[in-house]
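In: this one's sequence-less:
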């Protein structure tokens, strides 16, 4: 079991390194989607919450239930809202300056 | 390892690769959505794989949580306006922190008799960091949404107490490693995390929020990592590390953009020592050029090139669409309109970019500090919409100013400067802005959105 944590440390260090390399290429333009996207990804703690909620230990189940709820808010909400933002950025720069503006309230689509 | 366990591990490996590809996609707006889709796919694979895990005995709680969480998640993401993005991000950090912390507590309660020293330590960190992120982010949310007073709250010995609490928690976790049954110590650690989250964010003011949100992002990632170490789950470690390094990188960028160190942001309430009431009062009586909408409109109409500098004020008055309307009206007249975006404009990294994207401003018109700063001297008019510190020349030439050294726009080099501002009061940081009193500056006081809409009419008429 001692080698277990050494192995995990390897994974951690290498993942941090890869993360740093990949993320340093994200332009400031997309920093908010980056934050909201990594937030959705870290909602992977849903996996751990599932294991806590799916046991036969009452307190663990209740805590796990709350954790599952929180984590799935992050996963579902995080991916959806990141996509909503990225859709706005994806619009091709176009010379339609004179066109009337689309509806503004809650422009989700 | 059974065949099923190997299969699950492989699922996680695929998910991890997809997550990295997802972040890689974010290196440009063209590839970003495709990248995000890969991330979603990775999440789906990981979750479905886990649901088939043999350790899961019952599904009722899981199903309830998934349905409830997804519903809330869909609702929030569908209805929240883009101007509220910093609040949403802060809230989601708090959910992430809470999830990690509760998993830690559940794991402790269930397995306390079987914990190895290493796993105990990891659980301690997970719970501590998780709760700290939870309350810290709730506080950040409160400050951003105005529920909690946004100004820094400080008292004597604050830093000593906070650092003391932090070391207490470390010592307690160390104690738990050797005495795993000491449940009161474990809950003490949890409580310390909760308290420290509140205490650490209290002294931090609104303008420092970009750094704080980034830091909380990285804490949430670290908490997920600690969960991964406790459960020996590589997918959690990898995802947590990705989240953590993104938060760390952003905090470094934000600190740099304010020319301040981490420690300075965390332990020095902004403008506290430097902004006494005396200089502000003295400055109030100085003359400045107050301009009407007609004056401002005339300047804009006479300009060949205009640079717009948005700040938090644009978000507050939801003026991004009005800004775009004005730009469109000017472009119709043949004026070249660009936007200069400071890294710490607004309340989170990239805040202004998102708002302008929402208003359909093409992203090739948005320029970073370095990309546009040499162009101001060739610019006819600069339009400052609710920005303050990022256009303060004191950052360049007044070594006694609290923001001295912060990279700012060379606004004063342009032919004329139009500043849209609510009133002449000093901004959040309490730092006086010389720019407002310069001869080529025109102050248009009032709500930015109303002023902009009036300007649009003005420009369209002539």
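Out: Okay, I see it. This one's a predicted model, so the numbers in the text were calculated from it and none came from an experiment.
In: can you point me to the longest helix in chain B?
Out: Assignment by DSSP state H gives helix B:117-145 as the longest helix of chain B.
In: how about it: buried residues?
Out: B:118-144 (16 or more other Cβ atoms under 10 Å in any protein chain shown). Any C-beta I mention is one placed from the backbone N, CA and C, and that applies to glycine too.
In: packing partners for it?
Out: Where contact means 3 or more Cβ pairs under 8 Å, 6 or more residues apart in numbering or on different chains; DSSP states H and E, helix B:117-145 is packed against helix B:85-111, helix B:158-178, helix B:183-201, helix B:209-231.
In: in CSV, list the ones you listed along with mean neighbour count.
Out: Shown next, in CSV, are the helices and strands packed on helix B:117-145 (neighbours: other Cβ atoms under 10 Å in any protein chain shown):
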stretch, mean neighbour count
helix B:85-111, 27
helix B:158-178, 16
helix B:183-201, 20
helix B:209-231, 28
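In: can you give me the mean pLDDT across stretch B:379-394?
Out: Stretch B:379-394 shows a mean pLDDT of 90.
In: ok, and does it reach over to chain A?
Out: No: if you take Cβ under 8 Å from any Cβ of the partner chain as the test, stretch B:379-394 misses chain A, and the best it gets is 13.5 Å.
In: how far does that stretch stretch from one end to the other?
Out: In terms of Cα to Cα, to the nearest Å, the two terminal residues of stretch B:379-394 are separated by 21 Å.
In: figure out how far it is from the centre of its chain.
Out: Stretch B:379-394 has its C-alpha centroid displaced from the chain centroid by 21 Å (Cα atoms, centre = their mean, to the nearest Å).
In: burial of residue B:394, as a residue count?
Out: 20 (other Cβ atoms under 10 Å in any protein chain shown).
In: spit out the contact partners of the closest residue to it other than its chain neighbours.
Out: Distances taken as Cβ to Cβ, 6 or more residues apart in numbering or on different chains put residue B:401 closest to residue B:394, at 4.0 Å, once the chain neighbours are dropped. Residue B:401 makes contacts with B:274, B:392, B:394, B:395, B:431, as judged by Cβ atoms under 8 Å, 6 or more residues apart in numbering or on different chains.
In: how about 7 Å then?
Out: Contacts for residue B:401 (Cβ atoms under 7 Å, 6 or more residues apart in numbering or on different chains) come out as B:394, B:395, B:431.
In: check residue A:68 too.
Out: Neighbours of residue A:68 in contact, by Cβ under 7 Å, 6+ apart: A:46, A:49, A:50, A:53, B:62, B:65, B:66, B:69.
In: where's the residue nearest the centre of chain B relative to residue B:83, distance?
Out: The centroid of chain B falls nearest to residue B:348 when counting by Cα atoms, centre = their mean (2.7 Å). Per Cβ to Cβ, to the nearest Å, residue B:348 is found 11 Å from residue B:83.
In: now swap in residue B:362 and tell me
Out: To residue B:83, residue B:362 is 20 Å away according to Cβ to Cβ.
In: would JSON lines of the contacts of residue A:68 with pLDDT be doable?
Out: Shown next, in JSON lines, are the contacts of residue A:68 (pLDDT from 0 to 100):
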{"residue": "A:46", "pLDDT": "92"}
{"residue": "A:49", "pLDDT": "92"}
{"residue": "A:50", "pLDDT": "91"}
{"residue": "A:53", "pLDDT": "89"}
{"residue": "B:62", "pLDDT": "91"}
{"residue": "B:65", "pLDDT": "93"}
{"residue": "B:66", "pLDDT": "94"}
{"residue": "B:69", "pLDDT": "95"}
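In: give me every residue that touches the residue lying closest to residue B:358 once chain neighbours are set aside.
Out: Leaving out its chain neighbours, the residue that sits closest to residue B:358 by Cβ to Cβ, 6+ apart is residue B:82, at 4.4 Å. Applying Cβ under 7 Å, 6+ apart, we find residue B:82 in contact with B:354, B:355, B:358.
In: sketch out the low-pLDDT regions of chain A for me.
Out: Along chain A, the parts satisfying pLDDT under 70 run over A:1-2, A:91-109.
In: find the centremost residue of it, please.
Out: Geometric middle of chain A (Cα atoms, centre = their mean) lands on residue A:40, at 1.5 Å.
In: look up the closest residue to residue B:396, ignoring the ones flanking it.
Out: Nearest to residue B:396 is residue B:408, by Cβ to Cβ, 6+ apart, at 6.5 Å.
In: so the one you found makes contact with residue B:397?
Out: No: in this structure, residue B:408 is not within contact of residue B:397 by Cβ atoms under 7 Å, at 10.4 Å.
In: for the two, indicate the residue with more neighbours.
Out: Remark: of residue B:408 and residue B:397, residue B:408 carries more neighbours, 23 against 9, as counted by other Cβ under 10 Å.
In: state whether the more buried one is indeed within a strand.
Out: No: counting by DSSP: H, G, I helix; E, B strand; the rest coil, residue B:408 is not part of a strand but coil.
In: in the stretch 201-350 of chain B, what residue is nearest chain A?
Out: Going by Cβ to the nearest Cβ, chain A is nearest to residue B:350 of the stretch 201-350 of chain B, at 3.2 Å.
In: from residue B:254, how far off is that residue?
Out: Residue B:350 is 10 Å from residue B:254, by Cβ to Cβ.
In: hang on, the residue nearest to residue B:394 in a strand?
Out: No: Residue B:401 is assigned coil when assessed by three-state DSSP, not a strand.
In: ok, which of the helices and strands packed on helix B:117-145 comes nearest chain A?
Out: helix B:85-111 (4.0 Å).
In: and that closest one, what does it pack onto?
Out: helix A:31-42, helix A:45-53, helix A:58-72, helix B:117-145, helix B:209-231, helix B:351-358 (3 or more Cβ pairs under 7 Å, 6 or more residues apart in numbering or on different chains; DSSP states H and E).
In: is it possible to get TSV of the ones you listed that adds distance to residue B:243?
Out: Converted to TSV, the helices and strands packed on helix B:85-111 look like this (distance: least, Cβ to Cβ, whole Å):
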stretch	distance to residue B:243
helix A:31-42	4
helix A:45-53	10
helix A:58-72	13
helix B:117-145	11
helix B:209-231	3
helix B:351-358	19
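In: nearest to residue B:367, out of those?
Out: helix B:351-358 (10.8 Å; Cβ to Cβ).
In: fine, thanks again, bye for now.
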